[in-house]
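Asks: structure for this input, please:
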Amino acid sequence: MSDSVDGDLIESPAGRFPAKPGAVRLPLSLVDLQGYSSIIDARSPAEWLLDRLPGALSYPVLDDAERIRVGTLFKQTSSFDAKKVGGALVARNIARHLENAFADKPKHWRPLVYCWRGGSRSAAFTHILRQIGWDAMQLEGGYKRWRAQVVRDLDQLPLPLAFVAVCGRTGSGKSRLLDALSARGAQVLDLEGLAAHKGSVLGDLPDRPQPSQKMFESSIWAKLSGFAPDRPVFVEAESKKIGVLRVPDALLAQMWQGECIDLLTPRALRVPLLTAEYVHLINDPALLSFKINCLRALHSTERIDGWHQLVADQAWDSLVGELLDAHYDPAYDRSMFRNYLKIGVATRVALAGVTAADFDAAAGNVLSAQRSAW
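Replies: So this is what the prediction gives:
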């Protein structure tokens, strides 16, 4: 049970004890977080970009340069001088937020404010908001303690959930099937979407860098926290890493031992699907050639040179077909039968085409099969 503030007391499994006014203690559930009007991250923008509580908005009391300035004063001069400079900056920045972002907030607005360790940055912010009349709450322990909760929770949250891994060779349309399942109301964990990566050496997205490992894990925490244990969770079959990011161990173990859907897509359909997904690489032959060079440790010089020639000839269908036959399909066959325990008895779903209607029909077949099994 989560600790909660009730007047001047905190109710916790250990009993009731005096609380700091305007303070809330961890652990917090997703429902707890959704009970606040806003979640305010008082840290610097760089800290916010690295990771944050789900839904948190950046309203820094010190920007990146100011934080460095105050920190340098603290280390090289004195805490007193640092606090004098920092206090003026914090007051000025909070005033700017009040005059702009918070100017139209009603009296019943109830924000949760946090900083790195629940220290002076969030304390000053919360104090001023409460003095105005808003029921602002400060997160005790701040982001640091929140991060510790996420790490602990990710060892436990996957355990009661029943995962159904959508398997299929590269270019089968697994991500599109997950989208179609989600549109039909199914519980879907899109790890590649959260990781901003398609999961292969060619999988970088052109306009979206991968998040930090911490942000990836926070996003997974938020998704897992919202799932009902009495319904299956559909997820694309993944290996241990998606790009540079690691899938949490407990989640991966549950995925590997769960049920499997084998999406059967004819090779003639997989080639145009992949060509469409990687059009940004086709439009940047130099980048595509760089990616192909990353495979030199796995393939002969003759084969790599042949792929480079196909790039030069703009023979995209031939290139994709050869990559499937020589690289992706053998790698898939090795990893699936090694990791996913029930792939041998997977429910098979055939894809007739690659239109939205085709994927919707496939999603309907998947859900019908799952309802029968569930």
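
Asks: any idea how far Tyr340 is from Leu323?
Replies: Computed as CB to CB, to the nearest Å, the Leu323 to Tyr340 distance reads 23 Å. (Each C-beta comes from the backbone N, C-alpha and C, glycine too.)

Asks: same question, Ala315
Replies: The value you get for Ala315 to Tyr340, if CB to CB is used, is 34 Å.

Asks: all the helices of the stretch 51-200 of the chain, in order from the start?
Replies: Assigned by DSSP state H, counting those that start in this stretch, the stretch 51-200 of the chain shows helices spanning 64-76, 79-99, 120-132, 142-154, 174-183, 191-195.

Asks: export those to TSV and tack on mean pLDDT?
Replies: Rendered in TSV, the data for the helices of the stretch 51-200 of the chain read as follows (pLDDT from 0 to 100):
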stretch	mean pLDDT
helix 64-76	95
helix 79-99	96
helix 120-132	96
helix 142-154	98
helix 174-183	97
helix 191-195	97
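
Asks: to Ala23, which of these lies closest?
Replies: When the helices of the stretch 51-200 of the chain are ranked by proximity to Ala23, the top entry is helix 120-132, at 8.4 Å, counting by CB to CB.

Asks: report the buried residues of the closest one.
Replies: The neighbour-count check on helix 120-132 (16 or more other CB atoms under 10 Å) flags 121-130 as buried.

Asks: including distance to Val90, could those residues go into JSON lines?
Replies: Formatted as JSON lines, the buried residues of helix 120-132 follow (distance: CB to CB, whole Å):
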{"residue": "Arg121", "distance to Val90": "7"}
{"residue": "Ser122", "distance to Val90": "11"}
{"residue": "Ala123", "distance to Val90": "10"}
{"residue": "Ala124", "distance to Val90": "5"}
{"residue": "Phe125", "distance to Val90": "8"}
{"residue": "Thr126", "distance to Val90": "12"}
{"residue": "His127", "distance to Val90": "11"}
{"residue": "Ile128", "distance to Val90": "9"}
{"residue": "Leu129", "distance to Val90": "13"}
{"residue": "Arg130", "distance to Val90": "16"}
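
Asks: which one among those residues gets closest to Lys144?
Replies: Among those, Ser122 lies closest to Lys144 (CB to CB), at 11.7 Å.

Asks: isn't the closest one up against Leu112?
Replies: No. Proximity of Ser122 to Leu112 does not meet the contact threshold set by CB atoms under 8 Å, at 9.4 Å.

Asks: quick check: neighbours shared by those two?
Replies: The contact sets of Ser122 and Leu112 overlap at 138-139 (CB atoms under 8 Å, 6 or more residues apart in numbering).

Asks: number of residues surrounding Leu30?
Replies: Counted by other CB atoms under 10 Å, the residues lying close to Leu30 total 15.

Asks: nearest residue to it in space, please, no chain neighbours.
Replies: Ser225 (3.8 Å; CB to CB, 6 or more residues apart in numbering).

Asks: look up phi and psi at that neighbour.
Replies: For Ser225, the backbone dihedrals are phi -70, psi -20 (criterion: degrees, to the nearest 10).

Asks: residues touching Leu57, list them.
Replies: Each residue near Leu57 by CB under 8 Å, 6+ apart is listed here: 38-41.

Asks: ranking the residues you listed by neighbours, who comes first?
Replies: If you rank the contacts of Leu57 by neighbour count (other CB under 10 Å), Ile40 sits at the top with 30 neighbours.

Asks: that's a strand at that one, yeah?
Replies: Yes. Using DSSP: H, G, I helix; E, B strand; the rest coil, the secondary structure at Ile40 is a strand.

Asks: tell me which residues touch Asp213, please.
Replies: No, residue 213 isn't Asp; it's Gln. Here Gln213 is in contact with 245-246 (CB under 8 Å, 6+ apart).

Asks: Ser219 versus that one, what's the distance?
Replies: For Gln213, the distance to Ser219 equals 11 Å [CB to CB].

Asks: same question for Arg267.
Replies: Separation of Arg267 from Ser219 (CB to CB): 34 Å.

Asks: quick one: which of the two has more around it?
Replies: A side-by-side neighbour count of Arg267 and Ser219, using other CB under 10 Å, places Ser219 first with 18 against 13.

Asks: would the more buried one count as being in a helix?
Replies: Yes. The secondary structure assignment for Ser219 places it in a helix, going by three-state DSSP.

Asks: got the contact list for stretch 355-364?
Replies: For stretch 355-364, contacts defined as CB under 8 Å, 6+ apart pick out 173, 176-177, 179-181, 183-184, 186, 263, 349-352.
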